[in-house]
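Asks: No sequence on hand, only this structure:
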């Protein structure tokens, strides 16, 4: 039976509790020290498409470098009629589960302000909510179909953000690389006002092995997205 590395985040906080977010606090985050660690702990995964995965430890300090909280909007698919093979659920179910795990990971960081469409808002309403939220990052989560395989991500101008998310996700398995693609014809990408915006087609839910991977690794996928976003925010949104 193959084993998949379980990504663990350890948040080291000075003078505050990172697991509790006070909506009434100042937009300028308190100083804290974070350590994002990929543990060598493993979990059994008979449906894994690859062996162990290792992520380099990343240490980050001086959160006060940020002028304000960085706003992230998560928009999972609400397509309840898109069925996974072998009665493994629906696209909406699994993407919402991943978004929920990701939301809980990201909101632990006081330099982030995170909102997620976990109430199955329509596409128009969710994009409007994201724009009203003044999102810096708008991230849509979908799974694909049509007899193919592999992962792809769509954007208009946020190619560095998209490549970061995409390449880190690909590291989780031996997935076909479908690439970073032009999303200018997609309503969500075209109408989002976020600085960085991307729509991720995680894998194909009508491909048996890939559908199993999604269904059995929702939290793992969310962990990887969280690691990627934290690294990107520190690199691109901090004061110079």
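Replies: Arrived safely. Since the structure is predicted, the reported quantities are computational estimates derived from the model, not experimental observations.

Asks: Could you tell me how far residue 199 is located from residue 108?
Replies: 25 Å (C-beta to C-beta, to the nearest Å). Bear in mind the C-beta positions are built from the backbone N, C-alpha and C, glycine included.

Asks: Apologies, that question was intended for residue 238.
Replies: 18 Å.

Asks: Whichever strand or helix holds residue 73 - contacts with which helices or strands?
Replies: Assessed by DSSP states H and E, residue 73 sits inside strand 70-76. Counting contacts by 3 or more C-beta pairs under 8 Å, 6 or more residues apart in numbering; DSSP states H and E, strand 70-76 packs against helix 91-106, strand 112-116, helix 123-132, strand 137-144.

Asks: Just confirm residue 152 contacts residue 146, I think it does.
Replies: No: applying C-beta atoms under 8 Å as the test, residue 152 and residue 146 come out as separate, 11.7 Å apart.

Asks: Neighbour count: these two, which is higher?
Replies: Higher neighbour count among residue 152 and residue 146: residue 152, with 22 against 7, using other C-beta atoms under 10 Å.

Asks: Give me the three-state assignment for that one.
Replies: For residue 152, the assignment made with DSSP: H, G, I helix; E, B strand; the rest coil gives strand.

Asks: Now do the nearest residue to it once chain neighbours are set aside, the pLDDT please.
Replies: Spatially, and ignoring its direct neighbours in sequence, residue 152 is nearest to residue 178 (3.6 Å; C-beta to C-beta, 6 or more residues apart in numbering). Residue 178 carries a pLDDT value of 98.

Asks: OK, contacts around residue 178?
Replies: Listed by C-beta atoms under 8 Å, 6 or more residues apart in numbering, the contact partners of residue 178 are 148, 150-152, 201.

Asks: Kindly recompute the last result at 7 Å.
Replies: Residue 178 is in contact with 150-152, counting by C-beta atoms under 7 Å, 6 or more residues apart in numbering.

Asks: List phi and psi for it.
Replies: Torsion angles at residue 178 (phi, psi; degrees, to the nearest 10) stand at phi -90, psi -10.

Asks: do you know how far it is from residue 81?
Replies: 23 Å.

Asks: what's the answer for residue 196, then?
Replies: For residue 196, the distance to residue 81 (C-beta to C-beta) stands at 30 Å.
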